[in-house]
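K.L.:
need the 3D shape of this:
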Amino acid sequence: MQRKTKQPLAFLAIMVLFMQMLFGSLPVMAIDENNTISSIVTQIPTTSADSAAITQQTTTADSAVIYVKQGASGDGTSWANAFGDLQSALDEASTKLTAGATTVQIWLAQGTYIPSEKVGGTTDRYNTFQMQNNVAIYGGFNGTETTVTERDWKNHKTMLSGDIDNTPTDNTGNAYRVFYHPSGLNLNDTAILDGVTITGGNADHPDTPERNGGGMYNANSSPSLTNVIFSSNTASYYGGHVQYL
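P.N.:
The predicted structure is shown next:
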């Protein structure tokens, strides 16, 4: 009887390891000491040259790179002429894809970037970022690199923050979601986010979906997240950090 009990457990362990190898990350649920339910994503950081290549977008003749550096005021064509905010780069990426680019990379220098595009409402708390298919967002640059593999995302921290009113000790005015991907975007693994920290989302609205997914909300979307840290995001219902529907 003891042998028969161990066999299903061993099979389950093998299946979990296989899913981790296949998908790279698995959504899990957590309950804190206040009985608040949060959805988080467990990931294996890719730090070696071999593992980094798994999620690195292939650059072709039809690819484009857009540069972003906090405090800059350029057009995104180089580090010297970088955009100063992520939303401008996301808008430019959409334009380049429409014009015929097959893939676009956004390189984010270390710093803090807040969302400015309103989705789902008219107040500033609806400000959010939205990923796009065939667009890879890479953080962790110091602003001099010429390849993705040169960056150091651990030491050159790139923060994507919902603290839109710049009050670190009070999150009541923070954006509901730092990333909001409602039904219709249908993000797949060509939408890449790599080397950033997502923080400060506060999904405390009494109605759905604004009460779910403070860090990232995904409905019928499955973007690729690698080396992404979710920190200090909250929700009044499900998915303080990230929620998948």
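K.L.:
how many neighbouring residues does Met216 have?
P.N.:
Neighbours of Met216 under the rule other CB atoms under 10 Å: 30. (C-beta placed from N, C-alpha, C; glycine too.)
K.L.:
any idea how far Val68 is from Tyr217?
P.N.:
In this view, Tyr217 and Val68 are 23 Å apart by CB to CB, to the nearest Å.
K.L.:
okay, now Thr167: neighbour count?
P.N.:
Around Thr167 there are 11 residues (other CB under 10 Å).
K.L.:
which residues touch it?
P.N.:
Gly173 (CB atoms under 8 Å, 6 or more residues apart in numbering).
K.L.:
so it, which state does it fall into?
P.N.:
Using DSSP: H, G, I helix; E, B strand; the rest coil, the structure places Thr167 in coil.
K.L.:
got the phi and psi for it?
P.N.:
phi -130, psi 80 (degrees, to the nearest 10).
K.L.:
tell me the predicted confidence for it.
P.N.:
Here, the pLDDT recorded for Thr167 equals 96.
K.L.:
middle-most residue in this protein, spatially?
P.N.:
Leu193 (4.9 Å; CA atoms, centre = their mean).
K.L.:
can you pull the contacts of that residue?
P.N.:
Applying CB under 8 Å, 6+ apart, we find Leu193 in contact with Met131, Ala136, Ile137, Pro223, Ser224, Leu225, Thr226, Val228.
K.L.:
the closest residue to Tyr244 other than its chain neighbours pairs with what?
P.N.:
Excluding the flanking residues, the one nearest Tyr244 by CB to CB, 6 or more residues apart in numbering is Asn218, at 4.9 Å. Beta-bridge partners recorded for Asn218 (DSSP bridges): His181, Tyr244.
K.L.:
wait, Asn218 sits on Gly184?
P.N.:
No: in this structure, Asn218 is not within contact of Gly184 by CB atoms under 8 Å, at 12.0 Å.
K.L.:
the two: which has the busier surroundings?
P.N.:
Neighbour comparison, Asn218 and Gly184: the larger count goes to Asn218, with 23 against 8 (by other CB under 10 Å).
K.L.:
okay, buried residues for stretch 204-219 please.
P.N.:
Within stretch 204-219, the residues scored as buried using 16 or more other CB atoms under 10 Å are 204-205, 209-219.
K.L.:
for stretch 158-168, same thing?
P.N.:
Within stretch 158-168, the residues scored as buried using 16+ other CB under 10 Å are Thr158, Met159, Leu160, Ser161, Gly162, Asp163, Ile164.
K.L.:
which of the residues you listed lies closest to Asn142?
P.N.:
Thr158 (10.5 Å; CB to CB).
K.L.:
report pLDDT for that closest one.
P.N.:
pLDDT, Thr158: 98.
K.L.:
got a list of what it touches?
P.N.:
Contacts of Thr158 (CB under 8 Å, 6+ apart): Leu108, Ala109, Gln110, Gly111, Tyr113, Gly139, Gly140, Phe141, Gly195, Val196, Thr197.
K.L.:
where's the residue nearest to it when sequence neighbours are not counted, which helix or strand?
P.N.:
The shortest distance from Thr158 to any non-neighbouring residue, by CB to CB, 6+ apart, is to Gly139 (3.0 Å). Assigning secondary structure by DSSP states H and E places Gly139 in strand 135-141.
K.L.:
strands paired with that strand, and their directions?
P.N.:
Taking DSSP bridges as the criterion, strand 135-141 sits next to strand 103-109 (parallel), strand 192-199 (parallel) in its sheet.
K.L.:
by mean pLDDT, which helix or strand of the protein comes out lowest?
P.N.:
One helix or strand of the chain scores below all others by mean pLDDT, DSSP states H and E: strand 25-31, with a mean of 36.
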